[in-house]
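Asker: Next comes the sequence, and after it the predicted model I'd like to discuss.
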2 protein chains.
Amino acid sequence: MLKKNRKKFHHGDLKAALIAAGLEELEEKGLESLSLRSIAARVGVSHTAPKNHFDGLRGLLTAMATVGFEQHAAEMQKGVEDHPPGKSRLDAACNGYVRFALENPELFKLMFSSSFHLADDQALKQAGWASYGILRNIAHGLDWDKAEAPGGPWRTEWMLWSLVHGYAMLLIDGEIRREEDGSPPFRADEIMPGFGYLPNFNEMRPEPFQGQRRSDD
Amino acid sequence: MLKKNRKKFHHGDLKAALIAAGLEELEEKGLESLSLRSIAARVGVSHTAPKNHFDGLRGLLTAMATVGFEQHAAEMQKGVEDHPPGKSRLDAACNGYVRFALENPELFKLMFSSSFHLADDQALKQAGWASYGILRNIAHGLDWDKAEAPGGPWRTEWMLWSLVHGYAMLLIDGEIRREEDGSPPFRADEIMPGFGYLPNFNEMRPEPFQGQRRSDD
DNA sequence: AGAAAAAATTTACACTGGAAATATGGAGGA
DNA sequence: TCCTCCATATTTCCAGTGTAAATTTTTTCT
């Protein structure tokens, strides 16, 4: 019965090997032209062997995305440990966010393409939340994220997340051109302005902020 | 020879019909499961007929993305015409940006997935630039986009674009949950804070801004 | 009318992911 | 040791995909 020491079968650990091979092929051939058969062939098994470990191609992609979120979180976490709480820590985390995206563009696209994922995969959801949680926790520690700030903390988080995420996406897709060495024109923390609320913030707005409602203008 | 009045052939205008059918199937079945054969079947032609008008599936997708950018620009342009220059016009354009993305999620993903496009397609590039140009022009007209602002106008544009684009992407992918009626928790202009530069901007930064360089921290 | 060109079809091929039946080989019990 | 049991992996098959080549149909131009 014991389900723990179930290793070293025919292959050894096919599940992990398939994920590793999938991640290799992903960055080599791109997300669109990824193939379950070629991944299986790279490991040296038949193209139906993965079915014993994953729920089809989507299952494998979901597992790969989960690993991606874990690496993504680790990349940001480095900045957390190297900097004291505050703006410098936020900068480091944001730079880690974008750096990971630029170094693993195909994996990053996979992570944020839910149409490729298995719906309702708990491991993926948890890994994604953990990754976002790092950014969220840092944002909550900043003094300009006050409860009385317009929109509350949610708005601050999403504003921050949207900015960093959009910058990474536009860089990956080539909409914002990079330097010759592949580096972005601005660091992630440079693209982020003073994110506090201007004294004349409400004056600039045609109507004062009211709540979290409405989709149209 | 004359290549202009070449219409009303077998089908009439197969090129336009294929683009229209492709756009329909795109939102119905999603970008991943789109099929050249089923698009051709929907129009009523054989699956190789599109080759006379497009360079394979990528050619059709590129044409569809081009149409998407034109519609995207039109959605923002509405806000430009309905509002005077200034913050309210910017708000309207940003809301149009996000509104289009939420109403045409699959098309929006296609537009910003260059791996699906035909490389070096001039029509697509022009349409994309025209769309971004609307946002750019509005940003340039704002008083807080001064030449002496840190990073110059490019940073302001990309900051703005990144924020709106990232917000749209995270909403589409379900990372930021929407209301029951599908509307986002914040309007695009609500997610955008006072985008000026705080008086204490340089104090907040561990090191003063220097130029457009460096990718690492 | 006849030639030339454009448009669309037929046929064929190398792929893909998935389902079903079969074979393999290690684990645990007699 | 033998002998089931069952997870693992393979073989075979199928419907579907994009693309290329040869062919037929239709329009346009001389």
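Answerer: Sure thing, it's come through.
Asker: Could you count how many residues lie near residue A:27?
Answerer: Residues near residue A:27, counting by other C-beta atoms under 10 Å in any protein chain shown, number 13. In short, each C-beta sits where N, CA and C put it, glycine included.
Asker: That one contacts residue A:107, correct?
Answerer: Yes. With contact defined as C-beta atoms under 8 Å, residue A:27 counts as touching residue A:107 (6.7 Å).
Asker: Could I get the contacting residues of residue A:47?
Answerer: Contact analysis of residue A:47 by C-beta atoms under 8 Å, 6 or more residues apart in numbering or on different chains lists A:36-37, A:40-41.
Asker: If we only consider those, which is nearest to residue B:184?
Answerer: Set against residue B:184, the nearest of those by C-beta to C-beta is residue A:36 (35.3 Å).
Asker: Might one say that the closest one is in contact with residue A:61?
Answerer: No. Counting by C-beta under 8 Å, residue A:36 stays clear of residue A:61, with 9.3 Å between them.
Asker: The two: who's more crowded?
Answerer: Legend: neighbour count by other C-beta under 10 Å for residue A:36 and residue A:61, higher for residue A:61 (24 against 20).
Asker: For the more buried one, which non-adjacent residue is closest in space?
Answerer: Take residue A:61 and drop its neighbours on the chain: the residue closest to it by C-beta to C-beta, 6 or more residues apart in numbering or on different chains is residue A:116, 4.9 Å away.
Asker: can you give me phi and psi for the one you found?
Answerer: phi -90, psi -10 (degrees, to the nearest 10).
Asker: pLDDT below threshold where in chain A?
Answerer: Within chain A, the ranges that satisfy pLDDT under 70 run A:1-11, A:141-153, A:193-217.
Asker: Show me which helix runs longest in chain A.
Answerer: helix A:56-82 (DSSP state H).
Asker: from the middle of its chain, how far away would it be?
Answerer: What separates the centre of helix A:56-82 from the centre of its chain is 7 Å, taken as C-alpha atoms, centre = their mean, to the nearest Å.
Asker: helices or strands up against it?
Answerer: Helix A:56-82 is packed against helix A:14-29, helix A:36-43, helix A:87-103, helix A:105-111, helix A:122-141, with contacts defined by 3 or more C-beta pairs under 8 Å, 6 or more residues apart in numbering or on different chains; DSSP states H and E.
Asker: quick revisit: which one of the contacts of residue A:47 is nearest residue A:171?
Answerer: residue A:36 (29.4 Å).
Asker: Nearest spatial neighbour of the closest one, chain-adjacent residues omitted?
Answerer: The shortest distance from residue A:36 to any non-neighbouring residue, by C-beta to C-beta, 6+ apart, is to residue A:57 (4.5 Å).
Asker: What count of nearby residues applies to whichever residue of chain A sits closest to chain B?
Answerer: Going by C-beta to the nearest C-beta, chain B is nearest to residue A:166 of chain A, at 2.5 Å. Using other C-beta under 10 Å, residue A:166 has 26 other residues around it.
Asker: do the same with residue A:159
Answerer: For residue A:159, the neighbour count with other C-beta under 10 Å is 22.
Asker: in stretch A:78-92, what's buried?
Answerer: Within stretch A:78-92, the residues that qualify as buried are A:79-80, A:83, A:87-92, counting by 16 or more other C-beta atoms under 10 Å in any protein chain shown.
Asker: How far away from the center of its chain is that stretch?
Answerer: How far stretch A:78-92 lies from its chain's middle: 18 Å, per C-alpha atoms, centre = their mean.
Asker: what's the first-to-last distance across it?
Answerer: For stretch A:78-92, the first-to-last residue distance is 8 Å (C-alpha to C-alpha, to the nearest Å).
Asker: got it, and stretch A:34-54?
Answerer: With C-alpha to C-alpha as the measure, stretch A:34-54 spans 16 Å from end to end.
Asker: buried stuff in that stretch?
Answerer: A:34, A:36, A:39-40, A:42-43, A:45, A:50, A:53-54.
Asker: what does stretch A:172-179 give?
Answerer: For stretch A:172-179, a neighbour-count test (16+ other C-beta under 10 Å) marks A:172-173, A:175-176 as buried.
Asker: That one and chain B in contact?
Answerer: Yes. Interface with chain B: stretch A:172-179 contributes A:173-176, A:179 (C-beta under 8 Å from any C-beta of the partner chain).
Asker: on that earlier part again, check contacts around the residue of chain A closest to chain B.
Answerer: Shown in contact with residue A:166 (C-beta under 8 Å, 6+ apart): B:161-169.
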